[in-house]
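J.: The sequence isn't on hand, but the structure is:
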């Protein structure tokens, strides 16, 4: 097995038909290694969020292959995709998606309980995950009792509680102020070292992208460049 | 170059000899603006000639101090604002404007997009390097603020490149519409 957590191999994803057909992702190849932090940047509509939907099995590619931990997402039925998202792939969105009727602790424990982990063990691991994101108090309060930044930390704790191999984060700081945004991105950037988790961050903010090991630039559904020494567009500029 | 005013600012705090001015200047600017001693003494000679500093011998060492005229010149410098009052000219802007002009001639926009992409990638690479530098180095306040200035300027350049790309996209859409009609 390769050391890639996520592979896109000549992936095409279109929306609409006929004259209104749009190539959201157009022949993309991308490898994300174990413990790598990759940021995807590009203008609105460039396909960066679609990449995350494809990686999580929320959308199907029209052609090409999307592989997560060596498994072809296109070959997995809905139940197996759900299991993949429960155990191996975590999501952090701009909208927090915490369940308002559950406490912070219960929100984080939810994926463990869905996996069948016992209540006491789930609570223990959830407390650990919340501590890892800097939350150690008032864990039995409800999401609305926390600030936006704290809620995003709870969402990240939920994403890492299952020792996931891959975190997909789509503009996770969109609703937060600058200082809080910085601390959320720093937290995401610490996951590869702390847990060996790979992180794919979609953002339009250069300052957040600069935390990544590698920044990939998309335009019109294609990867047009990336910040890696081996990649250069210099020859095409004459 | 504001070395002259930098030295006056240090002398406003108290008299110093030449080498002391060099080391204090470098510390205040976070080590990004090294001065050679010769440059310091040449500048001090000019300041003395213009009546902005005075000099006395003390144990065979020249000690410099600011004069009332120097204090006034320094005050004026603090008040002045170093802006690019039009037109702003820098290499990135020139390069991208030339690329857009070329793209307007050949009507594809491809060359300009390639130039913008390249500049954006390199600016992001610089931001990444600065971020890593900051994470690993134990540094002074002055050096941190110098890095912050570079980072914020790079971010501004990146935003400007985004605007250039959006403009090119709009221009390209108009060209395509005209070609169809």
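T.: Looks like it arrived, so ask away. Since we're looking at a predicted model, the values are computed, not measured. Numbers count the residues shown, from 1 in each chain, chains lettered A, B, ... in the order given.
J.: Quick check: mean pLDDT of stretch B:31-45?
T.: Taken as a whole, stretch B:31-45 has a mean pLDDT of 92.
J.: Could you check how far the nearest residue to residue B:41 once chain neighbours are set aside is from residue B:38?
T.: Once flanking residues are discounted, residue B:41 sits nearest to residue B:18: 5.4 Å by C-beta to C-beta, 6 or more residues apart in numbering or on different chains. Where C-beta positions appear, they are placed from N, C-alpha and C, glycine not excepted. According to C-beta to C-beta, to the nearest Å, residue B:18 and residue B:38 sit 10 Å apart.
J.: repeat for residue A:118
T.: Remark: distance between residue A:118 and residue B:38 (C-beta to C-beta) = 76 Å.
J.: still on that earlier bit, more neighbours: residue B:18 and residue B:38, which one.
T.: residue B:18 (18 against 10; other C-beta atoms under 10 Å in any protein chain shown).
J.: List the backbone torsions phi and psi for the more buried one.
T.: Phi and psi for residue B:18, reported as degrees, to the nearest 10, are phi -60, psi -50.
J.: Spit out the contact partners of it.
T.: By C-beta atoms under 8 Å, 6 or more residues apart in numbering or on different chains, residue B:18 lies in contact with B:37, B:40, B:41, B:44, B:62, B:64.
J.: now that we have those, which one has the most neighbours?
T.: Busiest of the contacts of residue B:18 [other C-beta under 10 Å] is residue B:64, holding 24 neighbours.
J.: Hmm, that one is touching residue B:21, no?
T.: Yes - using C-beta atoms under 8 Å, residue B:64 is in contact with residue B:21, at 7.1 Å.
J.: Now do the same for residue B:57: helix, strand or coil?
T.: Per DSSP: H, G, I helix; E, B strand; the rest coil, the local secondary structure of residue B:57 is strand.
J.: Which residue comes closest to the residue of chain A found nearest chain B once chain neighbours are left out?
T.: Minimum separation of chain A from chain B (C-beta to the nearest C-beta) falls at residue A:210, amounting to 3.7 Å. Nearest residue to residue A:210, sequence neighbours excluded (C-beta to C-beta, 6+ apart): residue B:127, at 3.7 Å.
J.: next one: residue A:66
T.: residue A:73 (4.6 Å).
J.: got the residues of chain B near chain A?
T.: B:111, B:113-115, B:117-118, B:120-121, B:123-125, B:127-128, B:130-131, B:151, B:154-155, B:158, B:162, B:165-166, B:169 (C-beta under 8 Å from any C-beta of the partner chain).
J.: again, only this time at 7 Å
T.: By C-beta under 7 Å from any C-beta of the partner chain, the residues of chain B that approach chain A are B:114-115, B:117-118, B:120-121, B:124-125, B:127-128, B:131, B:155, B:158, B:162, B:165-166.
J.: Where does pLDDT dip in chain B?
T.: B:1, B:84-89, B:104-108 (pLDDT under 70).
J.: Count the residues that sit near the closest residue to chain A within it.
T.: Relative to chain A, the nearest point of chain B is residue B:127 (3.7 Å; C-beta to the nearest C-beta). Look at residue B:127: counted by other C-beta under 10 Å, it has 22 neighbours.
J.: Show the contacting residues for it.
T.: Listed by C-beta atoms under 7 Å, 6 or more residues apart in numbering or on different chains, the contact set of residue B:127 reads A:206, A:210, B:151, B:154.
J.: between those, which has the most around it?
T.: residue A:210 (26 neighbours).
J.: how about the helices of chain B, start to end?
T.: B:3-13, B:18-28, B:37-49, B:68-79, B:91-106, B:110-136, B:141-180 (DSSP state H).
J.: that older thread, contacts only, for the residue of chain A closest to chain B.
T.: B:124, B:127, B:128, B:131.
J.: 8 Å - rerun?
T.: B:124, B:127, B:128, B:130, B:131, B:151.
J.: Check residue B:16 too.
T.: B:10, B:24, B:63, B:64.
J.: from those, which two are the most distant?
T.: B:24 and B:63 (13.9 Å; C-beta to C-beta).
J.: so what's the residue nearest the centre of chain A closest to, chain neighbours aside?
T.: Centroid-nearest residue in chain A: residue A:168, 0.5 Å away (criterion: C-alpha atoms, centre = their mean). Nearest non-adjacent residue to residue A:168, counting by C-beta to C-beta, 6+ apart: residue A:52, 4.6 Å away.
J.: now swap in residue B:56 and tell me
T.: residue B:63 (5.4 Å).
J.: Could you do residue A:228 as well?
T.: Counting by C-beta to C-beta, 6+ apart, the residue nearest residue A:228 is residue A:214, at 5.7 Å.
J.: Pull the number of nearby residues for the spatially closest residue to residue B:69 that is not a sequence neighbour.
T.: With C-beta to C-beta, 6+ apart as the criterion, residue B:69 has its nearest non-adjacent residue at 4.8 Å, and that residue is residue B:51. Residue B:51 has 12 neighbouring residues, counting by other C-beta under 10 Å.
J.: Could you do residue A:21 as well?
T.: So residue A:21, with other C-beta under 10 Å, has 9 neighbours.
J.: Kindly report the same for residue B:172.
T.: Counted by other C-beta under 10 Å, the residues lying close to residue B:172 total 17.
J.: Right, I'll call it a day here.
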